[in-house]
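In: quick one, fold the following:
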Amino acid sequence: METIVREGTPKTPYVRLDGEKGIIEIKGRSIPENSIEFYKPLIDWLEEYGSGVSSDTAVNVQLEYFNTSSSKCILDIFKKLENIFKKGQKVEVNWYYEEDDEDMFEAGEDYQSIINIPFKMIEMEE
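Out: Purely as a prediction, here's the structure:
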């Protein structure tokens, strides 16, 4: 399975999808001009990954900010992961947030309440 790596920019997050190691990382800011265009290849990759998963999957999300259209795409990613989890695969989301960032903490809690997969809230010191 092809590993996808996208370097972060001021408007898009760093993304690494590693099917062999079962690691998915999203870090940085997500305010792309077109969120659907940015996230569609990632969601397509997850669709393919979900059909042949053999290892545990760790999802590390460390966003400092994301806009509304990104939040919908992130939810779509979590829904794909939830489907993988429902098939009996181990999936765990690690949601990182800075200790004084209530918005990011609450966003993580919101996703946690919508999605039925193990979700760890991890506070980082600044």
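In: quick one: pLDDT of the residue nearest to Gly52 when sequence neighbours are not counted?
Out: Once flanking residues are discounted, Gly52 sits nearest to Met1: 6.9 Å by Cβ to Cβ, 6 or more residues apart in numbering. Backbone N, C-alpha and C define where each C-beta goes, glycine included. Looking at Met1, its pLDDT reads 81.
In: same deal with Ser54?
Out: According to the predicted model, the pLDDT of Ser54 comes to 69.
In: distance of the residue nearest to Gly52 from Lys21?
Out: According to Cβ to Cβ, to the nearest Å, Met1 stands 10 Å off from Lys21.
In: tell me what the helix ranked longest in the chain is packed against?
Out: Across the chain, the helix with the greatest residue count (assigned by DSSP state H) is helix 68-86. Packed against helix 68-86, as judged by 3 or more Cβ pairs under 8 Å, 6 or more residues apart in numbering; DSSP states H and E, are the following elements: strand 23-30, helix 35-51, strand 57-66, strand 91-98, helix 102-114.
In: make it 6 Å
Out: Where contact means 3 or more Cβ pairs under 6 Å, 6 or more residues apart in numbering; DSSP states H and E, helix 68-86 is packed against helix 35-51, strand 91-98.
In: which of the residues in it are buried?
Out: Neighbour-count burial for helix 68-86, counted by 16 or more other Cβ atoms under 10 Å, picks out 69-71, 73-74, 76-78, 80-85.
In: quick one: contacts of stretch 64-83?
Out: Taking contacts as Cβ atoms under 6 Å, 6 or more residues apart in numbering, the residues outside stretch 64-83 that touch it are 29-31, 35, 39, 43, 46, 50, 91, 111, 115-117.
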